[in-house]
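*Asks:* let's see this in three dimensions:
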Amino acid sequence: MAFRLGGLRSLGAVLLVVYFVEVIFISLVRSDVSDADPRMFSDNTIGRDFKGYRRLLDCPNCNDEENVDITTTYTDASGNVRTYKVKSNDLSSSWIWASSADEEVSQYIGAQEQKGFSEQVVNRSQHGDVLLSNKEQQTNPVDPVKLKRQILRQRRREQRAAELIQVSDDAELQMQAAAIQRSRQFKNINRGKYSIWRREYQSPNSDSTLKLMKDQIIMAKVYASIARLKKNFELADSLTECIRQNQMVIGEASSDAELHWRAPHQAKIMGHLLSLAKDMLYECDDVARKLRVMIQSTEESINALKKQSTFLIQHAAKTTPRPLHCLPLQLTTDYFFFNYGNKEMEDKGKLVDPSLYHYAIFSDNVLATSVVVNSTAAHAKEPEKHVFHIVTDKLNFAAMKMWFILHPPPHATVDVENIDSFKWLNSSYCSVLRQLESSRLKEYYFKAHHPSSLSAGHENLKYRNPKYLSMLNHLRFYMPEVYPKLEKILFLDDDVVVQKDLTPLWSIDMNGMVNGAVETCKESFHRFDTYLNFSNPKISQNFDPQACGWAFGMNMFDLKEWTKRNITGIYHYWQDLNEDRTLWKLGSLPPGLITFYNLTYPLDRNWHVLGLGYDPAINPTEIENAGVIHYNGNYKPWLDLAISKYKSYWSKYVMSDNPYLQFCNINP
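*Replies:* Next comes the predicted model:
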């Protein structure tokens, strides 16, 4: 059966004639169908281009194996009526057959219809199969497997929602704390840019308006200054007002997305005014001169800010935070209140047993010392053979002792001593103590007009840190005097974390050397000329400027060789020569490099990884493989200055549930 519907262009419909079945009308394709032969279209093309199918009427033969002939008649863009034959087996992918046995699929389709996601039409044939159609555009058949996955996903969402509703208050608080901790570590450095994960999607002109307005401010300042010099006060005032308006519109914006909506309009106003000023005032020499002055002024401001930043960082690094000040106060109070001063150590024999593994830690920081001890004992294979010798000052002695009385490491031994109990450590024997009593050194530290003060420069500010005045920092040069009955001892700084069993260090043959340490020189960095003044002949004649430096913080000392070579006497000799600080600046590393010159055995680098207190670009693999990680630098892990991505290595050894830490609000 064929029909000719000439001149029906205005009807906007296509007649579909199906032989032996029924006649079905389908709405006209979109008006941009070309005059090309319809047979050139594939099934998918028909499915894409012929929108708005009406629902198929029930067809008893549609599911038979017989291949039904279908003739379509349509009007093309020029108004001519054309026909096209197609087999029922070659229908567009807009139609599929789905088994009615899958009840979950049918239920899902009904749910989707109720939710209004996409209007679908369902017709059943006489064999019980379901014919699905979608009023919206479909290019691929609906996959029952995919529908099942969506059903399961929806069920999981509902189950998760039910679990969250029934969650306890404690669990909810833990979830909130975890979310807060994660938010602290997240740094959104690309505010206003919506493609922060893929740089290729970021617009290179995302801050073009912002840059333009900042440049306009600079040129407006130049022309305003020139206008005042030429007594054109009206133009100068207009430029000044425009500068103020630009600055108000910019505010704290870092990209165009953060600018005020008036920014483009304000930029146009400023542009017109600058064009007028240029016509009236522009002279190359005047503008160049003014720009040079502005550059010089900006450089001076930058230097002042750098100096201020250095001072503030140093101040924050050497200032004890309130929670860390609270902890020793509470421990000291309980130490005397509960009369723990009379508590004696049970087994003192371990303290002088040379067959055990001995550690020396000199610190006035209770929390930091506890992390060193906890991390070391946690990785020791035989903790009962490890002995920790802690020396602190008189102010923190009670607190340090109280902490380890209440929280001793499992099976290991801890002994706490007061540095003031070492009667041999006096100014007549110790060079540093004698120098600390001199008026010259007091002036260096406490007089504001001294060249190392903030007003004169920032490069020497770090040498005014009070730790250089503490004998705890120099006690490392008196190991045989502190531990006369020991043969080897491992020195650890209080800003380290131990990640492996350190027992193998005692079995290393140091070939007669006194100090075992990890070298820090890389190419030209951290060599002797970095720390010592080689313009002084006493230094240049005795040391190689390219000699490799090494690290204090994890050092194995052979005390028998120490005594044999009189290392303490060598230290005193050079310390006395440096009384005027012309050989090196203050600190313990430069005299250590001199004292142990040609007496240091280089350990494998994996034993000691440094820089976690100042370098944010350390290889994570190096950190994970390190025996000891060292937070040397200003950004200590117990301070707010800490580099966040390194802090977890330290905080996991802090007993966060401890009542003292909770009372003092210490959150590692």
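*Asks:* list the contacts of G271.
*Replies:* Contacts for G271 (Cβ atoms under 8 Å, 6 or more residues apart in numbering) come out as Q216. The C-beta positions use only the backbone N, C-alpha and C, and glycine is treated the same way.
*Asks:* next, give phi and psi for it.
*Replies:* Dihedral angles of G271 (phi, psi; degrees, to the nearest 10) stand at phi -60, psi -40.
*Asks:* cool, and the one 3 residues further on?
*Replies:* Torsion angles at L274 (phi, psi; degrees, to the nearest 10) stand at phi -70, psi -40.
*Asks:* was I right to think it contacts Q216?
*Replies:* Yes. Here L274 reaches Q216: they are 6.3 Å apart, a contact under Cβ atoms under 8 Å.
*Asks:* which one's more surrounded, these two?
*Replies:* Q216 (21 against 18; other Cβ atoms under 10 Å).
*Asks:* the more buried one is in contact with A277, isn't it?
*Replies:* No. With contact defined as Cβ under 8 Å, Q216 does not reach A277; the gap is 10.9 Å.
*Asks:* please enumerate the helices of the stretch 351-500 of the chain.
*Replies:* Using DSSP state H, counting those that start in this stretch, the helices found in the stretch 351-500 of the chain span residues 366-379, 397-406, 431-436, 439-446, 479-482.
*Asks:* name the helices or strands packed onto the second one?
*Replies:* Spelled out, it's helix 397-406. Packing partners of helix 397-406 (3 or more Cβ pairs under 8 Å, 6 or more residues apart in numbering; DSSP states H and E): helix 322-337, helix 366-379, strand 386-392, strand 413-418.
*Asks:* partners of the last one, with directions?
*Replies:* If I follow you right, that is strand 413-418. Strand 413-418 pairs in its sheet with strand 386-392 (parallel), by DSSP bridges.
*Asks:* relative to T530, which of the helices and strands packed on helix 397-406 is closest?
*Replies:* Across these, T530 has its closest neighbour in helix 366-379 (26.6 Å, Cβ to Cβ).
*Asks:* check contacts around the closest residue to A377 other than its chain neighbours.
*Replies:* Counting by Cβ to Cβ, 6 or more residues apart in numbering, the nearest residue to A377 once its immediate chain neighbours are dropped is P409, at 3.7 Å. The contact partners of P409, by Cβ under 8 Å, 6+ apart, come to V373, N374, T376, A377, P383, F388.
*Asks:* can you redo the helices of the stretch 351-500 of the chain as TSV with distance to L324, mean neighbour count and mean pLDDT?
*Replies:* TSV is the format used below for the helices of the stretch 351-500 of the chain (distance: least, Cβ to Cβ, whole Å; neighbours: other Cβ atoms under 10 Å; pLDDT from 0 to 100):
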stretch	distance to L324	mean neighbour count	mean pLDDT
helix 366-379	6	22	96
helix 397-406	11	22	95
helix 431-436	25	18	82
helix 439-446	23	13	65
helix 479-482	26	18	96
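*Asks:* follow-up on the earlier one: need the contacts of P409 in CSV with distance to E234, can you?
*Replies:* Output for these, formatted as CSV (distance: Cβ to Cβ, whole Å):
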residue, distance to E234
V373, 74
N374, 73
T376, 75
A377, 78
P383, 83
F388, 78
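*Asks:* quick one: low-confidence parts of the protein?
*Replies:* The chain contains residues with pLDDT under 70 at 1-142, 183-206, 439-469, 523-525.
*Asks:* how about 50 then?
*Replies:* The model of the chain has pLDDT under 50 over residues 1-65, 77, 92-106, 108-140, 189-201, 448, 451-459.
*Asks:* how far out from the middle of the chain is whatever helix or strand I570 lives in?
*Replies:* Secondary-structure assignment from DSSP states H and E places I570 in helix 567-577. Taking Cα atoms, centre = their mean, to the nearest Å, the mean C-alpha location of helix 567-577 is offset from the chain mean by 43 Å.
*Asks:* chain center to the next helix or strand after that helix: distance?
*Replies:* Using DSSP H and E, the helix or strand that directly follows helix 567-577 along the chain is helix 589-595. Relative to its parent chain, helix 589-595 has a centroid offset of 35 Å by Cα atoms, centre = their mean.
*Asks:* what packs against helix 589-595?
*Replies:* Against helix 589-595 (3+ Cβ pairs under 8 Å, 6+ apart) you get helix 528-531, helix 567-577.
*Asks:* among those helices, which comes closest to G553?
*Replies:* Nearest to G553 among these is helix 528-531; the distance by Cβ to Cβ comes to 15.3 Å.
*Asks:* tell me which other helices or strands the next helix or strand after the closest one touches.
*Replies:* Sequence-wise, the next helix or strand downstream of helix 528-531 (DSSP H and E) is helix 537-540. Where contact means 3+ Cβ pairs under 8 Å, 6+ apart, helix 537-540 is not packed against any helix or strand.
*Asks:* distance of R476 relative to G587?
*Replies:* According to Cβ to Cβ, to the nearest Å, R476 stands 12 Å off from G587.
*Asks:* now do H630
*Replies:* 16 Å.
*Asks:* ditto for I165
*Replies:* 60 Å.
*Asks:* so for these two, which residue has more residues nearby?
*Replies:* Legend: neighbour count by other Cβ under 10 Å for I165 and G587, higher for G587 (17 against 7).
*Asks:* quick one: contacts of stretch 515-535?
*Replies:* Under Cβ under 8 Å, 6+ apart, the answer for stretch 515-535 is 505, 508, 510, 539-540, 543-552, 554-558, 582-584, 589-590, 593-594, 596, 599-605, 607-608, 610.
*Asks:* could you work out the end-to-end span of that stretch for me?
*Replies:* 27 Å (Cα to Cα, to the nearest Å).
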